[in-house]
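1. Please work out how this folds:
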Amino acid sequence: MPTALSVNVNKVAVLRNSRGGSEPCVLKAVRACISAGCQGITVHPRPDQRHIRPDDVYAIAALLPTYVEFNIEGNPFAPARGSYPGLLELVARTRPAQVTFVPDGDAQLTSDHGFDLRQPPSELAACIQAAQALGARVSLFVDAQTPALENAVALGADRIEIYTGPFAHAHAAGAPNATNACFALAQRAAQLGLGINAGHDLSQDNLHALISAAPQISEVSIGHALIGEALHDGLFTTVQRYIAILAACNRSRKHS
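-> Next comes the predicted model:
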């Protein structure tokens, strides 16, 4: 199965919010990504509304055609604040194809670790069930070297998302074994019947290496590097380049 590209548009909202007003327009960015052929759109609204806001989530959900998956990321335990109604309430109002649970907090500049599946939060299974009852596939954000992966199955998760930040840093440093942890986790997850996503610090420089090593990955969520590259080359062109990388990996997979 080819690996799908879901574009995270949070950084477009960061730029907009830094000035106020409505430019650059998040919806225009979403339309450009869809026109370029992406298979999904990802957002990660936070209670402090530092980038994507609830009104963006509602507008994107109304805009997306049925063939483009909507993935909403966030912490299911973060309480409602201001106009942020809480993650599960956002899911209830927008009915995304996928929700990705991430154990983040206000103090984190960006997501930098996954759930500890050895001792998962006591209410996590109930949150998974609630999201699934709303029609969403549930993915859990986990570290590449996480133990107790079988607990993701016991909790009822459909997929995991591998936190690929450490892989990206190792790849940039030229480490010969940069993909080992991601490959091993993908193998374990596949054996357990879990779907596999990946995300964080993925770029045109490292994506081919990751997917070639771990072809079990069904979806990659890419935002920071992609939006940065798009400042130089344009959003439509940049998305198409990522799709071309994934297509090349798929061709290699078929002929291996």
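2. hey, where'd the helices end up in this protein?
-> 10-19, 26-36, 54-63, 87-94, 124-133, 150-155, 165-172, 180-191, 207-213, 224-233, 235-255 (DSSP state H).
3. can you pull the contacts of L15?
-> P24 (C-beta atoms under 8 Å, 6 or more residues apart in numbering). Where C-beta positions appear, they are placed from N, C-alpha and C, glycine not excepted.
4. and if we set it to 10 Å?
-> Contacts for L15 (C-beta atoms under 10 Å, 6 or more residues apart in numbering) come out as E23, P24, V26, A29, H51, I227, L231.
5. Same question for Q119.
-> So, once contact is read as C-beta under 10 Å, 6+ apart, Q119 ends up touching A148, N151.
6. From P103, how far out is it?
-> According to C-beta to C-beta, to the nearest Å, Q119 stands 12 Å off from P103.
7. do F70 as well
-> 21 Å.
8. What of A92?
-> Counting by C-beta to C-beta - A92 and P103 are separated by 21 Å.
9. Neighbour count: those two, which is higher?
-> In this view A92 and P103 are compared by other C-beta atoms under 10 Å, and P103 has more residues nearby, 21 against 16.
10. Surely the more buried one is in contact with E161?
-> No: between P103 and E161 there is no contact under C-beta atoms under 10 Å: 11.9 Å.
11. can you tell me which of the helices of the chain comes nearest to N75?
-> Closest to N75 of the helices of the chain, according to C-beta to C-beta: helix 87-94, at 6.5 Å.
12. May I have the predicted confidence score for the most centrally placed residue in the chain?
-> Centroid-nearest residue in the chain, with C-alpha atoms, centre = their mean: S221, separated by 3.8 Å. We have a pLDDT of 98 for S221.
13. got it, and A107?
-> Reported pLDDT for A107: 60.
14. and what of I128?
-> Reading off the model, I128 has pLDDT 98.
15. same deal with N250?
-> Residue-level pLDDT assigned to N250 equals 86.
16. ok now do it, which residues does it touch?
-> Taking C-beta under 10 Å, 6+ apart as the definition, contacts of N250 comprise M1, P2, T3, I211, P215.
17. what number of residues lie near the first one?
-> Other residues within reach of M1, judged by other C-beta under 10 Å, total 11.
18. these two touch, right, it and S218?
-> Yes: counting by C-beta under 10 Å, M1 does reach S218; the two are 6.4 Å apart.
19. Now do the shared contacts for these two.
-> G195.
20. rewinding a little: return the distance of the residue nearest to the centre of the chain relative to H44.
-> When S221 is compared with H44 (using C-beta to C-beta), they lie 9 Å apart.
21. Name the residues contacting each of these two.
-> Common neighbours of S221 and H44 (C-beta under 10 Å, 6+ apart) are N8, N71, E73, T100, G199.
22. The third one is in contact with T110, isn't it?
-> No: taking C-beta under 10 Å as the contact criterion, E73 and T110 are not neighbours in contact, 11.3 Å apart.
23. where do the contact lists of the two overlap?
-> N10, H44, D104.
24. Would you mark the buried spots in stretch 67-75?
-> V68, E69, F70, N71, I72, E73, G74, N75 (16 or more other C-beta atoms under 10 Å).
25. In PDB, could you pull the C-alpha coordinates for it?
-> Extracted in PDB, the C-alpha atoms of stretch 67-75 (Å, rounded to 0.1, in the frame of the first residue of the first chain):
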ATOM      1  CA  TYR A  67     -11.200  11.900  -0.800                       C
ATOM      2  CA  VAL A  68      -8.800  14.000   1.400                       C
ATOM      3  CA  GLU A  69      -8.500  12.700   5.000                       C
ATOM      4  CA  PHE A  70      -8.600  15.100   7.900                       C
ATOM      5  CA  ASN A  71      -6.300  14.300  10.800                       C
ATOM      6  CA  ILE A  72      -6.700  16.300  14.000                       C
ATOM      7  CA  GLU A  73      -3.900  16.000  16.600                       C
ATOM      8  CA  GLY A  74      -3.900  16.900  20.200                       C
ATOM      9  CA  ASN A  75      -4.000  16.000  23.800                       C
END
